[in-house]
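Asker: this one's structure only:
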């Protein structure tokens, strides 16, 4: 039977008690959605959407590393935006983290609302 194991690091924003930062299961790691929160202050990054997207990806990178993976091993990314006008600025940041071939599969959708009234949330799946 495949066992699942929670991933937890205090170097990224801590999750609410109802979910895990990530779960390792078999050769994969599944990361929960990350918002652009500074783990030191537990507040959202101010400024443009790109700054929050950058923090989302920094947080995910830290969680992936804690799990024994890395952004280079990501196979699927889901991006949630509250405004599709944020698509281009988020892509500019995204390309810094996912610039090696083959690039991850990706979905980007507009949603009505996100936690903490942020404008971007990113989740991913990677192999170990």
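Answerer: Looks like it came in fine. Just so we're clear, the structure is a prediction, and the values are computed from it rather than from any experiment.

Asker: List the buried residues for the longest helix seen in the chain?
Answerer: In the chain, taking DSSP state H as the definition, the longest helix is helix 49-67. Using 16 or more other CB atoms under 10 Å as the test for burial, helix 49-67 gives 49-64, 66-67. Any C-beta I mention is one placed from the backbone N, CA and C, and that applies to glycine too.

Asker: And for stretch 95-112?
Answerer: Buried, per 16+ other CB under 10 Å, within stretch 95-112: 97-98, 104, 108.

Asker: returning to what we had before: what mean pLDDT does the longest helix of the chain get?
Answerer: Throughout helix 49-67, pLDDT has a mean value of 98.

Asker: so after it, what's the next helix or strand?
Answerer: Next along the chain after helix 49-67, taking DSSP states H and E as the criterion, comes strand 74-81.

Asker: Now do the helix or strand just after that following strand against strand 74-81, angle only.
Answerer: The first helix or strand that comes after strand 74-81 along the chain, using DSSP H and E, is helix 87-97. Angle of helix 87-97 versus strand 74-81, following axes from the mean of the first three to the mean of the last three CA atoms, to 10 degrees, is 150 degrees.

Asker: Give the other helices and strands that helix 87-97 contacts.
Answerer: Judged by 3 or more CB pairs under 8 Å, 6 or more residues apart in numbering; DSSP states H and E, the packing partners of helix 87-97 are helix 49-67, strand 74-81.

Asker: any idea which helix or strand comes after that helix?
Answerer: Once the chain leaves helix 87-97, the following helix or strand, as judged by DSSP H and E, is strand 105-110.
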